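Q: my questions are about this predicted structure, shown below with the sequence.
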Amino acid sequence: MSECNDVSCNEQLNSAIALSQIVGVGPRQATLLTEYAGSAEGVFQLTREQLVGIPGIGGRTADAVLGAFPEQLAASVRAECERLQIRMIPRGQPDYPERLGEICDPPAVLYQRGVLLPTDRLAVAIVGSRRCTAYGQRHAERLAGQLARAGLTVISGLARGIDQAAHRGALTAGGRTIAVLPAGVGRIYPPEHLELAQEISEQGALISEYPPAQRLVPGLFPQRNRIISGLSIGVILIEAGRRSGALHTARHALEQGREVMALPGPVDSLASGGCHDLIRDGVALVRNVDDILESLGPLPAPVARSSGITVSSPRELVLNALESRVLNVVGFQPSAVDSVLANCPEEASQVLATLTVLEMRRLIRRLPGNQLVRCS
């Protein structure tokens, strides 16, 4: 299923799909090629001399590109997506996740089962060990549930252990969750998570940068991790050992400018050794959802929620309806208390009490002259 309805968009989609199908062209090579050519479609119009002149592109890759037929390569993939009701979102389209498009080597095409919503811009990833303990599983479910109830989307990788617990915690809380897969959306891994994947697609989305029939290859896991962090505003590690693949996600997050947090385990737990190292090196220690929201800090740009309330900091997500309404009346430019009271339909005593709560939460500040301003 594609949102491309005109000739140029279809050609762009076909070229992007074909580029991802060429042997030897990974995310890095695809980025180099498209940046040089200006578009995925332009890559297939380059000469061999031009291709081998691109740093990082050798003769073998150039020959593979020249021997490819975009329409033929894309046809079978598009037919499979239609059959499985999987959306294809090429980079550059309006519904391609904005935050993901800003990372290094973003996917040329996203394959999606389920629905992505604008509110998914407020997403936090939870990752960790596949061989987690009962301690790790319990806290992954607990934190995911707290985040979901606060209105954030929970992202993970559908793997056994911590990933599974995070998805389950968000689903149980009635929240949204997104699973980023290391293979095609048509090949759920591990196979015992087929039912969980179906629940996620109904309450969120399954995402992959690979066509539906792509089989699992070990080298795809590290590439997948950059998408998990790229879709998120922060990443939480739970029970990551010193050799855990979850540390790759943490490194991607740091490179992408995302907030990295870690849940501490027992001091002698080898399962949490990587988490303890990160905390020692300065990442935020997480105990509960308040720690998470505090660590995330202000958002790069305000996000409008389905309720019509605008959120400029994740800390605002735990406010009740009255607190949110009053906060939205207070602007980022100083305004008089009387003006705030006049723009709130509630009784003045309720609004004044709420303003005191917001000030204690450090969401607003009082200025001389009985003025108020929203904290940035």
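A: Received it, and whenever you're ready, just let me know what you need.

Q: for the rest of this, base every contact and every neighbour count on C-alpha atoms.
A: Noted.

Q: so where's this structure shaky on pLDDT?
A: 1-8, 298-308, 376 (pLDDT under 70).

Q: and the residue nearest the centre of it?
A: residue 231 (1.9 Å; C-alpha atoms, centre = their mean).

Q: test my guess that that residue contacts residue 101.
A: No: with contact defined as C-alpha atoms under 8 Å, residue 231 does not reach residue 101; the gap is 9.1 Å.

Q: before we move on, back to that, for the residue nearest to the residue nearest to the centre of the chain when sequence neighbours are not counted, give its distance to residue 110.
A: Nearest residue to residue 231, sequence neighbours excluded (C-alpha to C-alpha, 6 or more residues apart in numbering): residue 100, at 5.3 Å. With the distance defined as C-alpha to C-alpha, to the nearest Å, residue 100 ends up 10 Å from residue 110.

Q: now for those two: what residues contact both?
A: Common neighbours of residue 100 and residue 110 (criterion: C-alpha atoms under 8 Å, 6 or more residues apart in numbering): none identified.

Q: pretty sure residue 59 contacts residue 49?
A: No: using C-alpha under 8 Å, residue 59 is not in contact with residue 49, being 9.3 Å away.

Q: more neighbours, these two?
A: More crowded of residue 59 and residue 49, by other C-alpha atoms under 10 Å: residue 59, with 13 against 10.

Q: any idea how far that one is from residue 24?
A: Residue 59 is 11 Å from residue 24, by C-alpha to C-alpha.

Q: over to residue 165?
A: Residue 165 is 35 Å from residue 24, where distance means C-alpha to C-alpha.

Q: these two: who's more crowded?
A: Using other C-alpha under 10 Å as the criterion, residue 165 and residue 24 rank with residue 165 on top: 27 against 17.

Q: ok, and the closest non-adjacent residue to that one?
A: residue 141 (5.1 Å).

Q: what does residue 246 give?
A: Here the residue nearest residue 246, using C-alpha to C-alpha, 6+ apart, is residue 128, at 5.3 Å.

Q: same check, this time on residue 243
A: Closest residue to residue 243 apart from its sequence neighbours, by C-alpha to C-alpha, 6+ apart: residue 274 at 7.4 Å.

Q: and the one you found, that one's in a helix?
A: Yes: assessed by DSSP: H, G, I helix; E, B strand; the rest coil, residue 274 belongs to a helix.

Q: pretty sure it contacts residue 247?
A: Yes: at 7.3 Å, residue 274 counts as touching residue 247 under the criterion of C-alpha under 8 Å.

Q: if I look at the two, which residues touch both of them?
A: Joint contacts of residue 274 and residue 247 (C-alpha under 8 Å, 6+ apart) are residue 240.

Q: secondary structure element for residue 236?
A: Assessed by DSSP states H and E, residue 236 sits inside strand 234-238.

Q: which parts of that strand are buried?
A: The neighbour-count check on strand 234-238 (16 or more other C-alpha atoms under 10 Å) flags 234-238 as buried.

Q: got the end-to-end distance for stretch 183-200?
A: Criterion C-alpha to C-alpha; first-to-last residue distance in stretch 183-200 is 16 Å.

Q: which SS class is residue 104?
A: coil.

Q: hmm, who's touching the strand or helix carrying residue 200?
A: Secondary structure from DSSP H and E places residue 200 in helix 194-202. Contact partners of helix 194-202, identified using C-alpha under 8 Å, 6+ apart, comprise 113-115, 158, 167-168, 171, 176-179, 188, 206.
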